[in-house]
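**Q** 3D, please:
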Amino acid sequence: MKLSTHIKTAVAIAATAGLFIATGCAGDAAESDAGVLNVGQISNSVAFFPLYVAEEEGYFTDEGVELGERPRMGTGAKLAAALTSGSIDVGAGVLTDAFNLAESNPQTQVTGSLVTDYYVDIVTASDFDGPAEDASLEEKVQALEGRNIGITGPGSGTEALVIYLFEQVGLDAKTDATLVNLGAVPSSAIGALSEGQVDALAFFQPTGQMAETEGVGDIYISPQRGDIPELSGSLHGALFSTSGVLEEKGEEVEAFNRAIDRALEFIQSDPEASAELLSIYLEGTDPEAVEALNEILPQEFASSSQVSQDAFDTAVDFHLESQLIDEAPDYDSLVWPQVQQ
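**A** Numbering: from 1, shown residues only. The predicted model follows:
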């Protein structure tokens with residue numbers, strides 16, 4: 001692992017570990033009221049749309065789940081810290097967040113699947129001088145050498161995709177391109193692309209769909225589209241908690257997962273109704289971009305909250321190759337037995 005990655009990991013572990021100690025190991029047990037689940041999520045990104053569906057369609061209520069606090073934490077590190085402190089019982093994030101938390105808190109448990117495709121795309125400016133659309137992945141990645149590539153920030157899944165792709169063709173993203181930190185707001189990233197501040201973006205959905213709708217960019221490489229076969233079926237969006245919470249509120253978490261299962265089925269089986277909710281969830285997004293995104297959601301969302309070992313292992317391989325982790329987590333240890341598949 002490179003020095004910068006060591007520093008990132010050390011800082012994240014130290015911050016989380018410090019909070020873990022300061023709270024008297026509060027993460028070992030739930031601090032919310034009995035029968036109530038406080039569920040945090042990073043943001044209102046596409047990955048967490050099933051939670052919105054379950055709330056709006058009344059699935060949580062139907063399954064007897066009483067939701068308490070529903071904070072949007074902003075980052076995976078803050079989500080993990082909230083779990084450790086006991087201020088939330090379940091976190092909705094990406095698997096990277098669970099892996100990072102597990103390094104400092106052995107009580108970490110992955111409790112559900114949300115997205116089983118890597119939902120970050122490489123988006124190029126509309127005037128990008130690169131190979132034809134039907135060119136090989138290798139040719140497309142090589143054309144990114146020397147370019148300015150916008151990412152959300154260091155240590156993110158957006159940066160990880162660029163690192164991974166460059167390594168596949170013998171390049172180093174840290175030296176063979178300029179990675180530009182743009183933050184996590186899609187409209188700002190698209191602005192940087194259209195103004196020529198960056199040549200390409202590595203950004204989460206629906207950034208690519210928005211760029212294409214606005215005529216300022218094109219989805220150049222998309223794991224979801226099948227452009228990177230090695231990432232097909234990778235667990236990305238995930239739910240996680242701690243063993244202390246699960247000992248006290250296991251039944252509530254199982255009921256929560258049943259509601260998520262119904263939401264996932266809703267997205268798969270009723271695209272028109274799903275599109276209506278998605279347009280509200282992604283308020284302000286161009287309707288054409290919402291429509292384009294809605295067409296692919298059934299393909300990338302998990303079929304249920306169960307965590308398959310294949311999806312988990314594919315994600316582990318990606319995390320190792322992109323230097324997000326040093327060692328492979330153990331499926332049987334990290335994944336809650338009730339959702340192992």
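**Q** the host helix or strand of residue 279 - contacts with which helices or strands?
**A** Of the helices and strands defined by DSSP states H and E, residue 279 is found in helix 271-281. If contacts are counted by 3 or more CB pairs under 8 Å, 6 or more residues apart in numbering; DSSP states H and E, helix 271-281 sits against helix 49-56, helix 243-269, helix 287-300. C-betas here are computed from N, CA, C, even on glycine.
**Q** from those, which stretch is densest packed?
**A** Highest mean neighbour count among the helices and strands packed on helix 271-281 (mean count of other CB atoms under 10 Å): helix 49-56, with a mean of 22.
**Q** distance between the helix or strand just after that helix and the chain's centre?
**A** Going down the chain from helix 49-56, the next helix or strand is helix 59-62, by DSSP H and E. With CA atoms, centre = their mean, to the nearest Å as the basis, helix 59-62 stands 24 Å off its chain's centre.
**Q** quick one: the residue nearest the centre of the chain from residue 48, how far?
**A** Nearest to the mean C-alpha position of the chain, counting by CA atoms, centre = their mean, stands residue 94 at 3.6 Å. Going from residue 94 to residue 48 by CB to CB, to the nearest Å gives 10 Å.
**Q** any shared contact partners between these two?
**A** Both residue 94 and residue 48 are contacted by 42, 237, under the criterion CB atoms under 8 Å, 6 or more residues apart in numbering.
**Q** thinking again about what came up before, where among the helices and strands packed on helix 271-281 is average confidence lowest?
**A** In terms of mean pLDDT, the lowest-scoring of these is helix 287-300 (a mean of 94).
**Q** which strands and helices lie in contact with that helix?
**A** Counting contacts by 3+ CB pairs under 8 Å, 6+ apart, helix 287-300 packs against helix 207-214, helix 243-269, helix 271-281.
**Q** measure residue 189 to residue 142 for me?
**A** Distance, residue 189 to residue 142, using CB to CB: 23 Å.
**Q** I should have written residue 299 there, sorry.
**A** Residue 299 sits 28 Å away from residue 142, taking CB to CB as the criterion.
**Q** one more: residue 237?
**A** With distances taken as CB to CB, residue 237 is found 30 Å from residue 142.
**Q** neighbour count winner among the two?
**A** Counted by other CB atoms under 10 Å, residue 237 and residue 142 do not tie: residue 237 has more neighbours, with 27 against 18.
**Q** and the more buried one, bridged to which residues?
**A** residue 94 (DSSP bridges).
**Q** contacting residues for it?
**A** 47-48, 92-95, 113-115, 119, 302.
**Q** with residue 170 instead?
**A** Applying CB under 8 Å, 6+ apart, no residues contact residue 170.
**Q** per-residue pLDDT, it?
**A** Residue-level pLDDT assigned to residue 170 equals 97.
**Q** again with residue 33
**A** 80.
**Q** same check, this time on residue 152
**A** Looking at residue 152, the pLDDT reads 89.
**Q** hmm, it is touching residue 203, no?
**A** Yes. Counting by CB atoms under 8 Å, residue 152 does reach residue 203; the two are 6.9 Å apart.
**Q** give the closest residue to residue 83 in space, chain neighbours not counted.
**A** Closest residue to residue 83 apart from its sequence neighbours, by CB to CB, 6 or more residues apart in numbering: residue 91 at 5.1 Å.
**Q** with residue 313 instead?
**A** Closest residue to residue 313 apart from its sequence neighbours, by CB to CB, 6+ apart: residue 331 at 7.1 Å.
**Q** show the contacting residues for the one you found.
**A** When contacts are counted by CB under 8 Å, 6+ apart, residue 331 touches 309, 312-313, 340.
**Q** so where's the stretch 51-200 of the chain uncertain?
**A** For the stretch 51-200 of the chain, not a single residue meets the criterion pLDDT under 70.
**Q** what separation do you get for the residue nearest to residue 166 when sequence neighbours are not counted and residue 148?
**A** By the measure of CB to CB, 6+ apart, the closest residue to residue 166 outside its immediate chain neighbours is residue 173, 4.1 Å from it. Going from residue 173 to residue 148 by CB to CB gives 12 Å.
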